[in-house]
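# Sequence first, predicted model second:
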Amino acid sequence: MSEPIPHGTSETREGGDGTTTHLLHFVVRLPHPVVRVWAAVATPEGLPQWLAVADLLETHLGGGVRLRWLNAPDDAEETVATGRVTAWDMESVAEYTVEPHGRIRFHMEPAPADSLATVLRFTNEFTGTDEQRLDDLAGWHQHFEYLERALDGHPADWGAWTPGRFRELRAEYVSRP
């Protein structure tokens, strides 16, 4: 049995123009080699198993990205995110800057003393409200639970998705200092 996904952290910065930028951080140790984690976060075949369908993913710096989330109502505007690949270093860094989710960065490295495990350092930077910050912390947390299961051979069953686990996680993030 894998360890629970650790809670993410966040930083908030107020801009001089009245905008609020949030930086969300997760550090997740996955008992799988970097090559497997890379395939899950940086390929059109891997992404739908835990995050979103990659309708477009040009795997190079500046390439186009179109991600379609499957755990939201079909008519929800936020289910489609389009943008560009803003960092790309094979089997190390995949970064997508997409609207409306901002910059989402996956940095992978072999776990210390265990080359068959991966430390995934994740950052999401976006402009928005505190409510969006809490929603995104809970949402990413849940997606990392899906990632862990997908790597173990159990991809997400999007047809069975319900908002119950998301609500539970969001309540946890609201109660955290």
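Cool, the structure landed.
# give the contact list for H22.
Residues counted as contacts of H22 (Cβ atoms under 8 Å, 6 or more residues apart in numbering) are 10-13, 124-128, 132-133, 136. C-beta here means a position set from N, CA and C on the backbone, and glycine is covered the same way.
# ranges for the helices of this protein?
Along the chain, counting by DSSP state H, helices occupy 34-42, 130-151, 164-175.
# Could you list the buried residues of the longest one?
The neighbour-count criterion (16 or more other Cβ atoms under 10 Å) identifies 132-151 as the buried residues of helix 130-151.
# And for stretch 102-121?
Buried-residue list, stretch 102-121, by 16+ other Cβ under 10 Å: 102-108, 111, 117-120.
# of all those, which two lie farthest apart?
Within those, two members stand farthest from each other by Cβ to Cβ: G102 and A117, at 28.4 Å.
# In contact with the residue most central in space within the chain, which residues?
With distances taken as Cα atoms, centre = their mean, W140 lies nearest the centre of the chain, 5.1 Å away. The contact partners of W140, taken as Cβ under 8 Å, 6+ apart, are 8, 24, 26, 122, 124.
# can you tell me how far the nearest residue to A81 once chain neighbours are set aside sits from L137?
Here the nearest residue to A81 in space, its sequence neighbours aside, is V98; by Cβ to Cβ, 6 or more residues apart in numbering that works out to 3.8 Å. For V98, the distance to L137 equals 18 Å [Cβ to Cβ, to the nearest Å].
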